[in-house]
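Visitor: Build me a model from this:
(2 chains)
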Amino acid sequence: MKIKKLSLALALACAFGVGSAQAATEIQWWHAMTGALADQVNSIADKFNASQSAYKVVPVYKGSYADTMTAAIAAYRSGKAPDIVQIFEVGTATMMAGGKAIKPVYEVMAQAHEKFDPKAYMPAVTSYYSDTQGRMLSMPFNSSTPVLFYNKDMFKKAGLDPNKPPKTWDEVGADAAKLKEAGIACPYTTSWESWVQLENMSAWHNQEFATKQNGFGGLDAKLSFNNEVIVRHIAKLSSWVKSGLFIYAGRGNQGDAKFYGGDCAMSTASSALYGHITRSSKFEFGVSELPYYPEVKGAPQNTIIGGASLWVMGGKKPIEYKGVAKFFTFLSSPEIQAEWHQKTGYVPITKAAYELTRKQGFYETHPGTDVAIQQLLLRNPTKDSKGIRLGYLPQIRNIIDEELEAVWAQKKGPKQALDDAVARGDVELRKFERANKAGAR
Amino acid sequence: MEKRTQFPVGWLPYALVAPQLAITIVFFIWPAGQALWQSLLVQDAFGIHTEFVWFENFQVLFADPTYLESFRVTAVFATLVTSLGLGSALVLAAACDHVIRGARTYQTLIIWPYAVAPAIAAVLWTFMFNPTVGILAYGLEQIGYHWNHQLNGGQAMALIVISGLFKLIPYDFLFFLAGLQSIPKSLIEAAAIDGAGPVKRFLTISFPLLSPTSFFLLVVNLVYAFFDTFGIIDAATQGGPFRSTTVLVYKVFQDGFKGLDLGGSAAQSVVLMAIVISLTVVQFRYIERKVQY
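Guide: Prediction:
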């Protein structure tokens, strides 16, 4: 009996193995996902490979986002680029300036005669990766947006209504003061300060982050986030640092651990943190929209995304592009997107996947997981809220981190620090413009 | 007048040094040449558009006040790491050379940290000094000292110096101990019979005889502080707060690897290369004269 089963399995394996080795065109997909996310990536590829036999997507883990991007660029330079590579959002401008090194997604889809309706996608997600004419350059993959997480147990302890999270920044301040009075050492913290407090706060209040439509309109953009709304916001946060309402946890995602570790009562962080908090925290928590200033006209607008998208590299054979197009269609299907969204906490890239998830009753059993989507769908993105398309954005974020740290340490005033960040960031932008003039599209 | 014998030179000596030369060219000269060449170019990440610009990258670099500031940070960091590393390793080695019972255990324990990867060491120390959960930060808080390296530049510097030393001290210790053990016992005993105490014996006999070792370690430690510490800084402080731990090599890593500014970071590595070459030349010309082999 056992032997029979085994030989059957062997025969099947042979048949499939040999069959695919002969016919299938291999499509290399380099990514930077680890742990549970890597499992999902592999499962998507497996499902695609099982659904047809002409193409075989091979996911390869290439290290961190920066590692993956550097590896793909080095591979292109030596003529061994993958077909698809996952690039973090701050690398978008560099990829775009790559000229013939990359192939825009809309071109891939059109040349493969693949059915492709850009309107089916969520505008706030695709706009980040589209050109000024609205043509999609890369396929959004893992996208999230900043939301407010709050610890319901701590809210109860401070006598606050755990089902009434703060909606505006003034309410955040008032709640933080009550939490502090109740003996909570860290009422509020944040992760990704440049992304949350500057880039997203600008979009959320429909304020310009940089000229030329936040850089979408050309490489000669200049930073302009030192406007009144942002200066006032940073001044508010700085006063909270002084009074102990806002605890600075460090750069990047270091604020995350302070929230799910149970130190901080509120945190503005990536919506993709949801799963992690569910797994590792022992308290009840809630999710709410990113707070805003009601006195600013047009606020709240919509928030912008972070995460990564899939770029198609240039110089490949038409048959490979055909396979990439088929894979992207498969990747965008509601079932795949809904599963990706529910398993990882990233937002789905199509409205259909959102509808499907709602029909499945996922948002009732996992309250708060739809906050990010509603925030992104709130209004149609304007020129100031569709994303940030700036060269050397990693360096600019670094400069912003440095200048904000000077504010939190009370070494610089908010206006001075933001002016300095703009001046220093503009130097980086000019350097990028100088290096990429010829390749720009 | 010294008499030199001349041997006829054939192909053999060249053949014998050829492998060494090949390795030097492939792994040292060639990459250094590449960096030099790249530093004169302005190029996009994919290498599609390249322009030869002479020294423009350097002009941009030295017009940047934050770059000049990172020289100061680097000098402070390198001085602290090298002097504290050499000093404490020497004290530990001298003490260990003195111990009779359980000397092996001490030695093994002190050498252990060397087996820890630098970035891991930095993560360990960062965790221990974490303002909210760190045991050391907690201890400091108990004795009334507020620790927050995320906002205090001096404390952040202390953190990366400690993380750097963690790995450097065992290395220096090993060399010092070997050096001490190779000093002839007869010299020490003779001094002891003449009435010199342990401190006097160390200062007048052991320390001068260790000078070749100390000199070698000085060079190695400086190179370590200049080149090998970006992993530590990336894991512990990412150059912050407010650039107070952005040393030259970390800026190269950040701009080149993370930011893909190839020309700019190549120019920075050329500057770094020049600094280390000149430091080494100075050391060999002036300090080595005082060294007794």
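
Visitor: give me the number of residues near residue A:272?
Guide: By other CB atoms under 10 Å in any protein chain shown, 20 other residues sit near residue A:272. C-betas here are computed from N, CA, C, even on glycine.

Visitor: mind checking how far the closest residue to it other than its chain neighbours is from residue A:348?
Guide: Distances taken as CB to CB, 6 or more residues apart in numbering or on different chains put residue A:144 closest to residue A:272, at 3.9 Å, once the chain neighbours are dropped. Distance of residue A:144 to residue A:348, computed by CB to CB, to the nearest Å: 11 Å.

Visitor: the more surrounded of the two?
Guide: Neighbour count, other CB under 10 Å: between residue A:144 and residue A:348, residue A:348 has more, with 26 against 21.

Visitor: so the more buried one touches residue A:357, yeah?
Guide: Yes: Residue A:348 is in contact with residue A:357 according to CB atoms under 8 Å; the separation is 6.8 Å.

Visitor: Quick check, residue A:54 in contact with residue A:27.
Guide: No: the criterion here is CB under 8 Å, and residue A:54 misses it with residue A:27 at 10.5 Å.

Visitor: Those two: which is more packed in?
Guide: A direct count of neighbours by other CB under 10 Å for residue A:54 and residue A:27 places residue A:27 higher, at 26 against 12.

Visitor: if I pick residue A:285, what's in contact with it?
Guide: A:149-152, A:277 (CB atoms under 8 Å, 6 or more residues apart in numbering or on different chains).

Visitor: gap between residue A:402 and residue B:160?
Guide: 16 Å.

Visitor: Who has more neighbours out of the two?
Guide: The residue with more neighbours, out of residue A:402 and residue B:160, is residue B:160; 27 against 23, by other CB under 10 Å.

Visitor: so which strand or helix has that one?
Guide: Using DSSP states H and E, residue B:160 sits within helix B:153-181.

Visitor: What residues of that helix count as buried?
Guide: The neighbour-count check on helix B:153-181 (16 or more other CB atoms under 10 Å in any protein chain shown) flags B:153, B:155-177, B:179-180 as buried.

Visitor: and what of stretch A:361-370?
Guide: Across stretch A:361-370, burial judged by 16+ other CB under 10 Å covers A:363, A:366, A:368-370.

Visitor: same deal with stretch A:261-274?
Guide: Residues A:262-274 are the ones in stretch A:261-274 that count as buried (16+ other CB under 10 Å).

Visitor: For that stretch, measure first residue to last.
Guide: 13 Å (CA to CA, to the nearest Å).

Visitor: residues from the stretch 301-441 of chain A in reach of chain B?
Guide: For the stretch 301-441 of chain A, the residues in contact with chain B (CB under 8 Å from any CB of the partner chain) are A:392, A:394-395, A:398, A:401-403, A:405-406, A:408-409, A:411, A:424, A:427-428, A:431-432, A:434-439.

Visitor: Where helices are concerned, which of the buried residues of stretch A:261-274 count?
Guide: Cross-referencing these against helices under DSSP state H gives residue A:274.

Visitor: I'd like the buried residues of stretch A:261-274 written out as TSV, with pLDDT and distance to residue B:185 added.
Guide: Shown next, in TSV, are the buried residues of stretch A:261-274 (pLDDT from 0 to 100; distance: CB to CB, whole Å):
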residue	pLDDT	distance to residue B:185
A:262	91	60
A:263	91	58
A:264	95	61
A:265	97	66
A:266	97	68
A:267	97	64
A:268	97	67
A:269	95	64
A:270	94	65
A:271	93	70
A:272	90	66
A:273	91	64
A:274	89	68
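
Visitor: okay if I get the buried residues of stretch A:261-274 as TSV plus distance to residue A:247?
Guide: Below are the buried residues of stretch A:261-274 laid out as TSV (distance: CB to CB, whole Å):
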residue	distance to residue A:247
A:262	14
A:263	8
A:264	7
A:265	10
A:266	10
A:267	10
A:268	13
A:269	14
A:270	18
A:271	21
A:272	22
A:273	17
A:274	22
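
Visitor: Identify the contacts common to residue A:348 and residue A:357.
Guide: A:338, A:341.

Visitor: give the contact list for residue A:92.
Guide: For residue A:92, the contacting residues are A:128-129, A:138, A:309, A:389, A:393, by CB under 8 Å, 6+ apart.

Visitor: quick one: residue B:210 and residue B:177 touch, right?
Guide: No: counting by CB under 8 Å, residue B:210 sits too far from residue B:177 to count as a contact (10.4 Å).

Visitor: And the helices in the stretch 51-200 of chain B, which stretches?
Guide: B:56-62, B:65-98, B:103-111, B:118-128, B:135-142, B:153-181, B:185-193, B:198-201 (DSSP state H, counting those that start in this stretch).

Visitor: Most tightly packed of those?
Guide: Neighbour counts (mean count of other CB atoms under 10 Å in any protein chain shown) averaged over each of the helices of the stretch 51-200 of chain B peak at helix B:153-181, with a mean of 21.

Visitor: about what we covered before: quick one: the residue nearest to residue A:272 and residue A:271 touch, right?
Guide: Yes: using CB under 8 Å, residue A:144 is in contact with residue A:271, at 4.6 Å.

Visitor: list residues touching both of the two?
Guide: The contact sets of residue A:144 and residue A:271 overlap at A:345-347, A:372 (CB under 8 Å, 6+ apart).

Visitor: Give me the subset of those that lies in helices.
Guide: Using DSSP H, residue A:372 are the members of these that sit in helices.

Visitor: Sort out which one of the shared contacts of residue A:144 and residue A:271 lies nearest chain B for me.
Guide: The closest of the shared contacts of residue A:144 and residue A:271 to chain B turns out to be residue A:346 (CB to the nearest CB; 22.9 Å).

Visitor: Not counting its neighbours along the chain, what's nearest that closest one?
Guide: That would be residue A:142: by CB to CB, 6+ apart, it lies 4.5 Å from residue A:346.

Visitor: tell me the SS of the one you found?
Guide: strand (DSSP: H, G, I helix; E, B strand; the rest coil).
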